[in-house]
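Based on what follows, work out the 3D shape:
(one chain, ligands or ions: 1)
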Amino acid sequence: MSTTKTFPLTREQLEAVVATFPTPFYLYDEAALRANARRVNAAFSVFPEFTEHFAVKALPNPFVLKVLASEGFGADCASLPELILAQKAGITGEAVMFTSNETPAREYAFARDIGAVINLDDITHIDFLEKACGIPEVISCRYNPGPLKEGNVIIGKPEEAKYGFTKEQLFEGYAKLRDKGATRFALHTMVASNELSADYHVETARLLFELAAELHSTIGIRIEFVNVGGGAGIPYRPDQDELDIENVARGIREAYDAIVVPAGLDPLGVHVEWGRIITGPYGWLVTRAIHTKDTYRRYIGLDASMADLMRPGMYGAYHHITVPGKEAAPLTETYDVVGGLCENNDKFAVQRQLPEIEVGDLVVLHDAGAHGRAMGFNYNGKLRCGELLLRPDGQVVPIRRTETVDDYFATLDFDELSTFDAGGEA
Ligand SMILES: *Cc1c(COP(=O)(O)O)cnc(C)c1O
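Predicted structure coming up:
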């Protein structure tokens with residue numbers, strides 16, 4: 001089984017874009033994003049109420065958020081700037097889920113001010129939240145199922161994860177929240193990352209449904225919606241299959257019919273906060289080969305670096321690579337494809353079979369639409385690249401400019417430096 005890796009522009013179209021917007025840059029395909037959003041909404045229309053709160057951290061660009069919001073998506077935020085981005089994109093009120101941890105008091109206060117659904121990470125945060133801004137009417141708690149749930153490669157075993165309440169703490173926590181005035185309750189968990197198995201996501205929902213039923217029958221807490229979290233995987237490698245979203249929704253609906261309906265909890269909302277699967281496959285890092293090198297290995301040096309896309313260097317993650325115009329060329333060469341950071345793990349690919357690449361060739365890194373530029377950084381004085389959006393009418397518009405040296409220096413005051421007495425011998 002396999003997934004075909006595509007790019008929405010021909011080499012000629014891309015060269016025309018590059019003439020205006022020099023490489024490197026991220027390109028996102030709006031039509032594909034919309035089609036995918038509609039597919040998710042259609043699959044989950046089997047529930048009385050469904051909301052996808054797009055995980056802002058995956059692609060924190062307000063233009064993309066606005067596109068997703070127009071398809072009915074909410075936002076999942078974890079920090080004050082992410083809450084502001086959601087607001088700027090027009091995602092407001094309970095469409096915003098605030099799933100944070102080790103949260104500062106002022107961020108809770110801001111989340112409450114804008115009417116976001118606050119998702120508590122720990123039982124001690126009930127008193128913390130009350131002190132920070134009072135207990136809102138609607139509140140969510142994050143469940144960590146511990147040894148009840150098998151681990152997942154990236155996120156690890158739940159019992160080793162820092163997130164969430166234990167089961168006992170949840171019962172105590174909801175009762176306490178009710179005593180303090182909360183009237184509407186949600187239940188959240190997130191136990192997966194880049195998980196391609198539909199069963200895994202269905203089992204997670206089942207765990208939440210069972211817990212919602214138990215909370216109702218034992219302490220009379222009625223959960224209004226469960227949030228199954230993020231973690232829906234994408235096939236980074238061409239030999240992997242995509243997650244069958246319809247199958248996930250169908251499986252969760254079966255669990256709903258088996259647990260939620262007999263427990264008398266229908267209608268119960270089903271929410272997710274998917275990031276990667278929403279934007280990942282519809283974003284590309286577009287770069288140019290600026291050097292080739294032949295030593296103990298053969299290298300292709302790109303004008304982008306790990307500072308633009310850190311997943312390969314950080315996790316050894318696979319990102320598919322193609323060379324526009326050479327899609328059909330035989331993969332006769334073996335290269336390490338590298339960036340310019342003074343770090344030997346700044347490699348987009350190690351010993352990858354590719355067509356012959358020459359200096360000047362455009363090189364496209366696939367599946368970079370989530371946790372791509374978002375994870376970028378400025379180490380080594382690297383400036384992060386900008387972002388372009390391919391509109392459905394074929395126009396390419398900038399949605400974030402490339403960083404400049406002035407951006408990099410923006411937090412420094414060189415006037416202060418000129419009068420700063422560093423001491424020492426003159
Ligand atoms: C990272 C994260 C997500 C999104 O994860 P994806 O793997 O991108 O779907 C959702 N919710 C929370 C709480 C997260 O930390």
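
and stretch 291-310, average pLDDT?
Averaging pLDDT along stretch 291-310 yields 98.

Helices of the stretch 101-250 of the chain, start to end?
105-113, 125-133, 167-179, 198-219, 245-255 (DSSP state H, counting those that start in this stretch).

Let me know how buried residue 331 is, in neighbour terms.
As a burial measure, residue 331 scores 11 neighbours (other C-beta atoms under 10 Å). The C-beta positions use only the backbone N, C-alpha and C, and glycine is treated the same way.

Please name the bridge partners of the nearest residue to it once chain neighbours are set aside.
With C-beta to C-beta, 6 or more residues apart in numbering as the criterion, residue 331 has its nearest non-adjacent residue at 4.1 Å, and that residue is residue 353. When assigned by DSSP bridges, residue 353 has beta-bridge partners residue 334.

contacting residues around residue 353?
For residue 353, the contacting residues are 331, 332, 333, 334, by C-beta atoms under 8 Å, 6 or more residues apart in numbering.

Look up how far residue 86 lies from the last one.
Spelled out, it's residue 334. As judged by C-beta to C-beta, to the nearest Å, residue 334 and residue 86 stand 44 Å apart.

Quick check: pLDDT value at the residue in the stretch 251-400 of the chain that the ligand sits nearest to.
Residue of the stretch 251-400 of the chain nearest the ligand, by C-beta to the nearest ligand atom: residue 275 (2.6 Å). Per-residue pLDDT puts residue 275 at 98.

The one 3 residues further on too?
Residue 278 carries a pLDDT value of 98.

cool, and residue 345?
Reported pLDDT for residue 345: 95.

cool, and residue 155?
Looking at residue 155, the pLDDT reads 55.

Enumerate every residue touching residue 32.
Per C-beta under 8 Å, 6+ apart, neighbours of residue 32: 8, 281, 282.

out of those residues, which are inside helices?
If you go by DSSP state H, the contacts of residue 32 have nothing in helices.

Reformat the residues you listed as TSV; add distance to residue 36 and neighbour count.
Below are these laid out as TSV (distance: C-beta to C-beta, whole Å; neighbours: other C-beta atoms under 10 Å):
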residue	distance to residue 36	neighbour count
8	13	17
281	8	24
282	7	24
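
between the residues you listed, which is closest to residue 146?
When the contacts of residue 32 are compared for distance to residue 146 (C-beta to C-beta), residue 281 wins out at 32.5 Å.

which parts of the stretch 1-150 of the chain sit against the ligand?
Counting by C-beta under 6 Å from any ligand atom, the positions of the stretch 1-150 of the chain adjacent to the ligand are 55, 57, 58, 76, 99.

what does the stretch 201-350 of the chain give?
So the stretch 201-350 of the chain meets the ligand at 229, 230, 231, 232, 273, 274, 275, 276 (C-beta under 6 Å from any ligand atom).

For whichever residue of the stretch 101-250 of the chain sits closest to the ligand, list the residues it contacts.
The minimum distance from the stretch 101-250 of the chain to the ligand, using C-beta to the nearest ligand atom, falls at residue 230 (2.5 Å). Counting by C-beta under 8 Å, 6+ apart, residue 230 makes contact with 55, 76, 190, 192, 193, 272, 273, 274, 275, 276.

Report the secondary structure state of residue 38.
Using DSSP: H, G, I helix; E, B strand; the rest coil, the structure places residue 38 in helix.

for residue 52, same thing?
Assignment for residue 52 (three-state DSSP): strand.

Would you agree it is in contact with residue 272?
Yes - with contacts counted by C-beta atoms under 8 Å, residue 52 reaches residue 272, the gap being 5.4 Å.

Please say which of these two ends up with more neighbours.
residue 272 (30 against 24).

where does the spatially most central residue of the chain land on pLDDT?
The residue lying closest to the centre of the chain (C-alpha atoms, centre = their mean) is residue 58, at 2.5 Å. Looking at residue 58, its pLDDT is 98.

measure it to residue 244 for me?
21 Å.

what do you get for residue 168?
35 Å.

The two: which is more packed in?
Legend: neighbour count by other C-beta under 10 Å for residue 168 and residue 244, higher for residue 244 (14 against 9).

Do I have it right that that one meets residue 196?
No - using C-beta under 8 Å as the test, residue 244 is too far from residue 196 to be in contact (9.2 Å).

Tell me what the nearest residue to residue 302 once chain neighbours are set aside is bridged to.
Taking C-beta to C-beta, 6+ apart, and ignoring the residues beside it in sequence, residue 302 has residue 287 as its nearest neighbour in space, at 4.3 Å. Following DSSP bridges, residue 287 is listed with bridge partners residue 363.

Looks like residue 287 contacts residue 23 (just checking).
Yes - contact criterion C-beta under 8 Å: residue 287 and residue 23 qualify, at 5.3 Å.

what sits in contact with each of these two?
Residues within reach of residue 287 and of residue 23 at once, by C-beta under 8 Å, 6+ apart, are 303, 304, 362.

Filter those residues down to the buried ones and hand me the PyMOL line.
The PyMOL command for the buried members of the shared contacts of residue 287 and residue 23 (criterion: 16 or more other C-beta atoms under 10 Å) is given here:
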select buried, resi 303+304+362
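
Per the annotation, how does this protein divide into domains?
30-280, 281-408 (automatic domain parsing).

Of all those, which one is nearest residue 420?
Checking the domains of the chain against residue 420 by C-beta to C-beta gives domain 281-408 as the closest, at 19.5 Å.
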